[in-house]
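Q: Structure for the following, please:
(one chain, ligands or ions: 1)
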Amino acid sequence: MSFTLRAGESPARRNGVSRTEEPGYVRRVDLRTLLPRSTDTVTLRALEHRDAAAYAAGTADPQVRRFAHLPEPSYTPERVRELIDTVIDDGLRSGTLGVLAVAAAVDDGFLGSLVVYDVTPSSAEVGFWLAPEGRGRGAAAASLRLARSMAGDAGLTRLRARTMVDNVASVRVLEAAGFRPQGAPVSDTTPSGRTALVQEFAVGV
Ligand SMILES: CC(C)(COP(=O)(O)OP(=O)(O)OC[C@H]1O[C@@H](n2cnc3c(N)ncnc32)[C@H](O)[C@@H]1OP(=O)(O)O)[C@@H](O)C(=O)NCCC(=O)NCCS
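A: The predicted structure is shown next:
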């Protein structure tokens with residue numbers, strides 16, 4: 001699964017990708033061509049080696065451990081740099097996985113992470129977390145709005161997200177970024193391994 005552009009779609013032209021007349025042609029989008037993108041306060045960009053220490057520290061925060069989906073049990077700065085050079089780089093190039101940095105527009109300093117994953121030809125899921133010092137300034141909602149425009153430029157039509165119903169901050173952030181609940185909450189296993197009510201959200205891009 002990957003971010004895809006069908007022949008002749010405007011994002012392809014915008015990014016200088018040549019059209020093909022071949023019916024059904026699908027082009028994978030290198031997510032690095034769609035980044036960075038910024039609001040007045042926040043930049044969404046590729047994760048860099050200089051973010052490694054702050055990223056690793058952020059993943060140790062109890063709220064992040066409880067609510068965010070972290071593929072590995074723990075992270076060191078060395079491990080983060082290794083991932084940036086391997087899995088994360090591969091994901092950006094192929095358009096299959098976007099492990100991105102949310103940074104302060106003022107100094108480009110790392111605030112947290114936004115991940116685009118489970119990509120289909122029409123939609124993708126997003127997850128996000130902020131380091132404690134990055135919270136309380138609207139950075140997550142702003143980064144989700146940037147992710148919406150990036151997804152639209154990649155040829156997707158919809159972004160999805162899931163959050164526990166008791167994660168009030170996350171629900172408020174998703175709604176501020178335009179996401180709306182889809183159906184009723186369902187019982188599911190959470191990132192920390194417990195069972196909780198999880199609500200699916202979605203938004204058009
Ligand atoms: C979710 C998260 C990114 C939000 O950070 P943020 O963008 O700085 O959001 P804020 O702290 O400003 O909170 C957003 C809103 O929820 C409110 N809020 C936060 N915690 C709350 C609580 N426990 N009860 C009620 N309201 C709460 C805030 O007052 C704010 O309200 P506003 O929209 O009126 O300003 C951050 O808390 C985080 O990283 N949590 C851990 C990881 C996580 O939950 N990720 C989401 C997984 S889907």
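
Q: next one: the longest strand anywhere in the chain to chain centre, how far?
A: The longest strand of the chain (DSSP state E) is strand 195-204. Distance of strand 195-204 from its chain centroid, counting by C-alpha atoms, centre = their mean, to the nearest Å, is 15 Å.

Q: What strands line up against it, and which way round?
A: Applying DSSP bridges, strand 195-204 is found paired with strand 158-164 (antiparallel), strand 180-181 (antiparallel), strand 186-189 (antiparallel).

Q: just these: most buried one?
A: Across those, averaging neighbours per residue (mean count of other C-beta atoms under 10 Å) puts strand 158-164 on top, at a mean of 21. C-beta: built from backbone N, CA, C; applies to glycine.

Q: contact partners of that one?
A: 67, 118, 122-127, 144, 147-148, 151, 170-171, 174, 179, 182, 188, 190, 196-205 (C-beta atoms under 8 Å, 6 or more residues apart in numbering).

Q: Send over the longest strand of the chain as PDB, restricted to the C-alpha atoms.
A: What follows is strand 195-204, C-alpha atoms only, in PDB (Å, rounded to 0.1, in the frame of the first residue of the first chain):
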ATOM      1  CA  THR A 195      -8.800  -3.000  26.400                       C
ATOM      2  CA  ALA A 196     -10.600   0.300  26.000                       C
ATOM      3  CA  LEU A 197     -13.300   2.000  23.900                       C
ATOM      4  CA  VAL A 198     -11.700   3.300  20.700                       C
ATOM      5  CA  GLN A 199     -13.400   5.800  18.400                       C
ATOM      6  CA  GLU A 200     -12.600   6.000  14.800                       C
ATOM      7  CA  PHE A 201     -12.500   9.500  13.200                       C
ATOM      8  CA  ALA A 202     -12.100  10.600   9.600                       C
ATOM      9  CA  VAL A 203     -11.900  13.700   7.500                       C
ATOM     10  CA  GLY A 204     -11.900  14.500   3.800                       C
END
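
Q: average pLDDT across it?
A: Strand 195-204 comes out with an average pLDDT of 96.

Q: That one and the ligand, any residue contact?
A: No: judged by C-beta under 6 Å from any ligand atom, strand 195-204 and the ligand are separated, with a smallest distance of 8.9 Å.

Q: Please list only the buried members of the contacts of strand 158-164.
A: Neighbour-count burial (16 or more other C-beta atoms under 10 Å) applied to the contacts of strand 158-164 gives 67, 123-127, 144, 147-148, 151, 170-171, 174, 179, 190, 196, 198-203, 205.
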